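Novice: Need a 3D model of the following:
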Amino acid sequence: MRVLIVTAGSAGDFMPYTGLGVRLQEAGHEVVLATHAGFEDDVRSRGLDFLPLPMDPRAELSSSGGQKLVRASTGPLALAHVMRMARAFAPELGRGVLAAAERGADVMLMNNAVARLGHLVSRALRIPSMGVYLQPWEPTGAFPSAPFGGHRSLGRWGNRASAQAVLALADHVYATSVSDLRARLGLPKGADSSSLRRESGEWPVRYAYSPTVLPRPADWRPAAQVAGYLWPARPRGWRPDPALTAFLSAGPPPVYVGVGSVVAPDPGRLARITVEALRTVGVRGVVQAGWSGLRAHGDDVLTVDEVPHDWLFPRMVAVVHAAGAGTTAAGLRAGVPAVPVPVQLDQPAWAARLTALGVSPGPVPFRRLTAERLATAIRRAVEDPAYRARARTVAARIAAEDGAGRVLADVERLAAG
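Specialist: Just a heads-up that it's a prediction; the model follows:
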């Protein structure tokens, strides 16, 4: 069986699918991962076939529009910025999704960024398909839509309305692209015209996060299920840099600091805040450069490029990160306390979950970040044993889950009809 996985977004939006792809390969299936061209080496280094999608997400996040998103953080203003950015490249993205599907597939999996387009394509080409999402997307009264500012409840009616508003916005953003695809596929004008209908019907979606972290709401439709986390695959033959292993062995476990695919407007200031906070607490640090290009130097601080989090995080005493879905998952899997520094969109919602789970002393929002605030949060995370104890408990529960295995079983059922 040939499985096509289509995903768009930043590095955190495709890396978990590499682990799913490897798991599908191990079960005897052919796997192709379609994502942005800049990620080709990352995909192929994990033994997966690759097809390109247009758009450079790093360049988009570095643009003036991307920096407006950082400043807006979350809520309606942030949504407006991200929707404006998405609308500009949606037609080209739609054509990329169609081109990937036309190469052939027995089953098509897609993340929520391409689902509006991929669902239309898969139905037209009669390819069984399923959503595999990293963030909650279904309307529910249990919590508000994460991009809408999901860290604060709006009440049951408001929570559901926020998700419906996001879906309606997605329809608006992708309207031109959907019209273009309809014309290319020879479909009638009204075909697949609403995300709201798709997300309230029988189209299957598997949510790739832990039910321990965010339980499935009782008011979700039966076709929407929480599968568990998908863990990124390591590059084949990967070995840690000797400089990193030497640094780790030269002293007590350090604190990890990184903001992943966030492009900080002033990385020099962020690096200075980081180093000052670490030294105030008296802990060593491993700083990951990420898309911001963070750099910090000294006997007590080491800057690294990409290092698999499943290898690195268990060697840390705490992790400071932007609380993206993937990094949040990696920290929970490692069983170490977290200091979330949420920047935008769904990150405040995941930061709130870390706090509610008892593995974090609470978020330090990026817009209010100072060395003093960061130092206070790090000190609490590393000195209060309750956070580490709770982190280990959560990690043990997550270890008993098998998100990739559940998705694999669903894919095989889907293909069998």
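Novice: can we go C-alpha only for contacts and neighbour counts from here?
Specialist: OK.
Novice: what sits against the closest residue in space to residue 362 that isn't next to it in sequence?
Specialist: The shortest distance from residue 362 to any non-neighbouring residue, by CA to CA, 6 or more residues apart in numbering, is to residue 355 (5.2 Å). Residues near residue 355 by CA atoms under 8 Å, 6 or more residues apart in numbering: 361-363.
Novice: what do you get for residue 394?
Specialist: 212, 332-333, 335, 357.
Novice: for the residues you listed, which one is nearest residue 166?
Specialist: The shortest gap between residue 166 and any of those belongs to residue 212, at 25.2 Å (CA to CA).
Novice: What about the closest one, how many residues nearby?
Specialist: Other residues lying near residue 212 total 14 when counted by other CA atoms under 10 Å.
Novice: switch to numbering from 3
Specialist: In the new count, where the first residue is 3, that last one comes out as residue 214.
Novice: what ranges do the strands span in the stretch 303-419 of the chain?
Specialist: Using DSSP state E, counting those that start in this stretch, the strands found in the stretch 303-419 of the chain span residues 303-306, 320-323, 340-342.
Novice: next one: the stretch 153-302 of the chain
Specialist: Secondary structure of the stretch 153-302 of the chain (DSSP E, counting those that start in this stretch): strands at 207-209, 226-228, 257-259, 287-290.
Novice: got a list of what the nearest residue to residue 394 once chain neighbours are set aside touches?
Specialist: With CA to CA, 6+ apart as the criterion, residue 394 has its nearest non-adjacent residue at 4.4 Å, and that residue is residue 337. Going by CA under 8 Å, 6+ apart, residue 337 touches 316, 390, 393-398.
Novice: again with residue 160
Specialist: Contacts for residue 160 (CA under 8 Å, 6+ apart) come out as 143, 146.
Novice: same check, this time on residue 210
Specialist: 134-137, 228-232, 405.
Novice: how about 6 Å then?
Specialist: By CA atoms under 6 Å, 6 or more residues apart in numbering, the contact set of residue 210 is 135-136, 229-232.
Novice: what's the answer for residue 207, then?
Specialist: Residues counted as contacts of residue 207 (CA under 6 Å, 6+ apart) are 132-134, 226.
Novice: Distance of it relative to residue 117?
Specialist: 10 Å (CA to CA, to the nearest Å).
Novice: Can you give me the domain boundaries for this structure?
Specialist: Domain assignment of the chain by automatic domain parsing yields the ranges 4-231+403-418, 244-401.
Novice: Compare the mean pLDDT across those and name the weakest.
Specialist: Ranked by mean pLDDT, the domains of the chain bottom out at domain 4-231+403-418, with a mean of 86.
Novice: Ends of that domain, what's the gap?
Specialist: 13 Å.
Novice: related to what we said a few turns ago, closest one to residue 238 among the domains of the chain?
Specialist: Proximity to residue 238 (CA to CA) singles out domain 4-231+403-418 among the domains of the chain, at 5.5 Å.
Novice: Quick one: distance of the closest one to the chain centre.
Specialist: Between the centre of domain 4-231+403-418 and the centre of its chain there are 11 Å (CA atoms, centre = their mean, to the nearest Å).
Novice: on that earlier part again, any idea which of the contacts of residue 357 has the most stuff around it?
Specialist: residue 365 (25 neighbours).
Novice: Tell me the one of the contacts of residue 396 nearest residue 6?
Specialist: Closest to residue 6, out of all of these and judged by CA to CA, is residue 335, at 27.2 Å.
Novice: Tell me, how many residues neighbour that closest one?
Specialist: Close neighbours of residue 335, defined as other CA under 10 Å, add up to 23.
Novice: Over to the one 3 residues further on?
Specialist: The burial count assigned to residue 338 is 27, neighbours taken as other CA under 10 Å.
Novice: and it, backbone torsions?
Specialist: Dihedral pair for residue 338: phi -120, psi 150, per degrees, to the nearest 10.
Novice: contacting residues for it?
Specialist: For residue 338, the contact set (CA under 6 Å, 6+ apart) comprises 320, 390, 393.
Novice: if I look at the closest residue in space to residue 54 that isn't next to it in sequence, how far off is residue 119?
Specialist: Counting by CA to CA, 6+ apart, residue 54 lies nearest to residue 39, which is 4.7 Å off, once chain neighbours are set aside. As judged by CA to CA, residue 39 and residue 119 stand 18 Å apart.
Novice: more crowded one of the two?
Specialist: residue 119 (25 against 16).
Novice: List the residues that contact residue 335.
Specialist: Counting by CA under 6 Å, 6+ apart, residue 335 makes contact with residue 397.
Novice: Try it again at 8 Å.
Specialist: Shown in contact with residue 335 (CA under 8 Å, 6+ apart): 312, 396-397, 400-401.
Novice: among the residues you listed, which two are most distant?
Specialist: Distance extremes for the contacts of residue 335: the farthest pair is 312 and 396 at 15.6 Å, using CA to CA.
Novice: To what extent is residue 180 buried, counted in neighbours?
Specialist: Residue neighbour count, defined by other CA under 10 Å, stands at 26 for residue 180.
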